[in-house]
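**Q** need a 3D model of the following:
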Amino acid sequence: MAGANHKIHVYQDSDGEFRIYPPVLLVDAANGAANRDDVEFVNHTTEDMVFFAGPGVFAATPEGGPAAKNGGKSGAKKSHSSGAGQTKLHTYQVFMVQSGKKAKGNSDPVLIIDN
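**A** Residues are numbered from 1 along each chain as shown. As a prediction, this is how the structure comes out:
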């Protein structure tokens, strides 16, 4: 059975701040490499954006990388197992290229990979 596909939406609110929805995401990476959940960033703004995550968050691009042009999508990133049945919290950052602003959730967004 293939893993679930999750979308993280980035948008600009009425105050001009960039927001991330959902601010916390629970991702399952426990069912073997082929069945780990995918995460896709969706950019609903008029700016280009880039996301960065620490090592061990995504299997194909361990540090994250370019996400999406304005109004575009990042393409799915396969989650990476934390190993040994451990659940870990991973912070990541989404930066807006033209304004240099950081997108926010309720606080800095968090990605949880469940094993």
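
**Q** could you use CA atoms for every contact and neighbour count after this?
**A** Will do.

**Q** Val10 reaches Gly105, doesn't it?
**A** No. Contact criterion C-alpha atoms under 8 Å: Val10 and Gly105 do not qualify, at 9.4 Å.

**Q** overlap in contacts of these two?
**A** 19-21 (C-alpha atoms under 8 Å, 6 or more residues apart in numbering).

**Q** can you convert those residues into TSV and add a column each for neighbour count and secondary structure?
**A** Below are the shared contacts of Val10 and Gly105 laid out as TSV (neighbours: other C-alpha atoms under 10 Å; DSSP: H, G, I helix; E, B strand; the rest coil):
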residue	neighbour count	secondary structure
Arg19	21	strand
Ile20	23	strand
Tyr21	17	strand
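
**Q** adding distance to Met49 and pLDDT, write the residues you listed out as TSV.
**A** Converted to TSV, these look like this (distance: C-alpha to C-alpha, whole Å; pLDDT from 0 to 100):
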residue	distance to Met49	pLDDT
Arg19	12	93
Ile20	12	93
Tyr21	15	91
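
**Q** those into CSV, with extra columns for distance to Met96?
**A** Below are these laid out as CSV (distance: C-alpha to C-alpha, whole Å):
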residue, distance to Met96
Arg19, 11
Ile20, 12
Tyr21, 15
